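Engineer: below is the sequence, then the predicted model.
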Amino acid sequence: MRVNPPDAYWKKDVSLFFGKRFALAIKMLYPIAIIGPVAASDIPAQYAAAVIGIVAVMAGTFGAGESLTTDLNDGILVRVSLTPLSPYRIVFEVLAVNAVLDLLQLLPALLVVFLLHPISLIWVLAACVALFATLVAANCIGIFIANFTSSPADVLLYATAILFPLIYLSGFFRNQNPEGIMLILRGFVPFAYANDALKTVFGLTTGTAPFEAIFYPVLICAVMALAVCLTAPQLLRTRF
Amino acid sequence: MAEFLDLALEAKNVSLRYKSSGRGMENVSFSVSPGEVFGLVGPNGSGKSTLLRVLSTAIEPDGGTFSVAGADGIREKRRVRARMGLMVDRPTHYGDLTGRANAYFFARAYGVEEAKAEAVVSDLLDFFDLTEYADDRVKTYSYGMGKKLALVEALAHRPEVLLLDEPSLGLDYTSQLAFQRKVRELSESGVAVVLASNQVDEVEALCDRVAFMYRGKVVAQDTPEALISSVEGLRRIVATLRNPVEYGPVAAVPGVQRVVPEGRNLVVHCGERPGIVADVVAGLVKSGGDIVSLSVERPNLEDVFVKLTGEALKREG
């Protein structure tokens, strides 16, 4: 399958991702540079898991949000939306390709984590799936934000406002042993399952089973992806 | 739907008003047959680009209907988009992709088969003299090259209707000629072209019919010849001067309607009366103008434009 010249929106993104070698090197190296030392250190498991979760959430949200708003500002995305391509398909491709490319950036760092903290294959799978779900959810948030602004700077502001409560609920730092309403709300945040899976990888025991760390975030992300794809006509509208 | 079938494009009472500024367009109606080149002319802010935005399905009108090659412009947007080639006034591309990759991406997005896309794109890049730069990143392109690439992207899927907003603005002379040749070629093959431009000489040379827009309304619509004949009795004196002058004495000559400086030229619009050319020359000399050359020309669309906007202003007054 040929990616360049691109004949689909996702291939265009892949082509751009691999087209700039220096940027590619930075993108591939920075997760290792942050996560590698954390994985090799003896900091408490919950904080090691939180670092990886935060890297995934930030990369996903800002990556999709900023690249989308840049394309919206340039007018190129509106031009693409005036082709016969379905707007829903365009947004789905934006979401899917960004999440997969984000995972690609995280994979070498995850490999380092799994080498330094060997664990059963089912938890490796659960951690990878839950992290991918985190990336999809974060990209959904980024795309959702792009509905309301075409300024990359605003993306940072809005993302912070949306992510802080979600990060709190997920138990990355606080809300580690939630009860009542906080426990119920935590169950709806996909980041929480990645956090639990990673805590397990780093040696902590949580109440989450591998099946739950795979099934629930995938289900939540499917709903989020559907919802964000439905915003396509609004997202790709001509802005004045 | 059957009523639309003989027409490549038909707009009926299309209206749109921007909430932010209150400007827009009102009850715009026109039709374009297959193979016809239709010009849209008007001052900045007259509604040309807004009309093209609506016809390109970028924004929905507040009222009215339009169809493109038999497809309803409001309910069948994707069918309309598939039949239409589009070049917006400020074309944008993926700067980090090459020109060829951009053109190929759009050709495929418009449904050109993989086997054909590369050949079609290569032919068009060659036609617009872009082959040498086709594998360079678009962010290294000049403004004119970007516009030529936008034309390639608009044409690669052989549209039935072509919407062009200021297509040759910023193009070098050779590229303008190539563009005009391509428009004639497309028109001969049955493509309907809507051309919004302020370059009246180009509109006059290319268009079968022209609509003048002013403050969101079509104030006149006819063939260039018919429109120009409506200003019979008007003279256009073009004087090339060695030095810029304060042209008050020229404007004061009886019969002179308007004096417009255009670079080193002074264009004088005046009525027909015996001796007026001599009086204008005397006025120029009185103004201190050193005349290099002088010509008396037949009226063109620019004069029609001046007359129509003047009349529209009077009606508003």
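Structural biologist: That came through, no problem.
Engineer: pretty sure B:Ala220 contacts B:Met213?
Structural biologist: No: using C-beta atoms under 8 Å as the test, B:Ala220 is too far from B:Met213 to be in contact (9.4 Å). C-beta here means a position set from N, CA and C on the backbone, and glycine is covered the same way.
Engineer: and stretch A:116-126, how far out from the chain middle?
Structural biologist: In terms of C-alpha atoms, centre = their mean, to the nearest Å, the centre of stretch A:116-126 is found 20 Å from the chain centre.
Engineer: near chain B, which residues of chain A?
Structural biologist: Applying C-beta under 8 Å from any C-beta of the partner chain, we find that chain A lies next to chain B at A:4-9, A:12, A:15-16, A:19-20, A:74-76, A:78-80, A:82-86, A:237-238, A:240.
Engineer: which parts of whichever strand or helix holds B:Asp126 are buried?
Structural biologist: For B:Asp126, the element it lies in under DSSP states H and E is helix B:114-127. Buried residues in helix B:114-127, counted by 16 or more other C-beta atoms under 10 Å in any protein chain shown: B:117-118, B:120-122, B:124-125, B:127.
Engineer: go on, stretch A:45-65?
Structural biologist: A:45-46, A:48-57, A:59-65.
Engineer: then stretch B:264-281?
Structural biologist: B:266-270, B:276, B:279-281.
Engineer: cool, stretch B:75-92 as well?
Structural biologist: Neighbour count says stretch B:75-92 has B:76-77, B:79-89, B:91-92 buried, by 16+ other C-beta under 10 Å.
Engineer: give me the lowest-pLDDT entry from these.
Structural biologist: On pLDDT alone, B:Asp89 ranks lowest of the buried residues of stretch B:75-92, at 80.
Engineer: and the gap between that residue and B:Leu164?
Structural biologist: 9 Å (C-beta to C-beta, to the nearest Å).
Engineer: overlap in contacts, the two.
Structural biologist: Contact criterion C-beta atoms under 8 Å, 6 or more residues apart in numbering or on different chains; residues bridging B:Asp89 and B:Leu164 by contacting each: B:Ala196.
Engineer: tell me how many other residues surround residue 224.
Structural biologist: Assuming you mean chain A. 22 (other C-beta atoms under 10 Å in any protein chain shown).
Engineer: wait, chain B was what I had in mind.
Structural biologist: 21.
Engineer: burial check on the closest residue to it other than its chain neighbours, number of neighbours?
Structural biologist: Closest residue in space to B:Pro224, ignoring its immediate chain neighbours: B:Glu204 at 5.0 Å, by C-beta to C-beta, 6 or more residues apart in numbering or on different chains. Number of residues near B:Glu204 (other C-beta under 10 Å) recorded here: 19.
Engineer: which residues touch the residue nearest the centre of chain A?
Structural biologist: What sits nearest the mean C-alpha location of chain A, by C-alpha atoms, centre = their mean, is A:Leu135, with 1.7 Å. Contacts for A:Leu135 (C-beta under 8 Å, 6+ apart) come out as A:56, A:59-60, A:99, A:102-103, A:106.
Engineer: now, these that are in helices?
Structural biologist: Using DSSP state H, the members of those that fall within helices are A:56, A:59-60, A:99, A:102-103, A:106.
Engineer: what's the closest of those residues to chain B?
Structural biologist: A:Asp102 (18.6 Å; C-beta to the nearest C-beta).
Engineer: list the contacts of that closest one.
Structural biologist: Contacts of A:Asp102 (C-beta under 8 Å, 6+ apart): A:56, A:59-60, A:63, A:135, A:138-139.
Engineer: do that again at 7 Å, thanks
Structural biologist: By C-beta atoms under 7 Å, 6 or more residues apart in numbering or on different chains, A:Asp102 lies in contact with A:59-60, A:63, A:135.
Engineer: just to revisit the earlier point, more neighbours, B:Ala220 and B:Met213?
Structural biologist: B:Met213 (24 against 19).
Engineer: which strands border the helix or strand harbouring that one, and is each parallel or antiparallel?
Structural biologist: Using DSSP H and E, B:Met213 falls within strand B:209-214. Strand pairing for strand B:209-214, using DSSP bridges, gives strand B:37-41 (parallel), strand B:217-222 (antiparallel).
Engineer: now render these as a markdown table, adding mean pLDDT.
Structural biologist: Compiled in a markdown table, the strands paired with strand B:209-214 are given as follows (pLDDT from 0 to 100):
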| stretch | mean pLDDT |
| --- | --- |
| strand B:37-41 | 95 |
| strand B:217-222 | 92 |
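Engineer: which stretches of chain B form strands?
Structural biologist: B:9-17, B:24-32, B:37-41, B:63-68, B:71-72, B:84-87, B:161-165, B:192-196, B:209-214, B:217-222, B:234-241, B:256-262, B:265-271, B:291-297 (DSSP state E).
Engineer: tell me how far the third one lies from the chain's centre.
Structural biologist: With C-alpha atoms, centre = their mean as the basis, strand B:37-41 stands 6 Å off its chain's centre.
Engineer: okay, and the beta partners of B:Glu297?
Structural biologist: Going by DSSP bridges, B:Glu297 forms beta bridges with B:Arg236.
Engineer: measure it to B:Glu225 for me?
Structural biologist: Where B:Glu225 is concerned, B:Glu297 sits at a distance of 16 Å (C-beta to C-beta).
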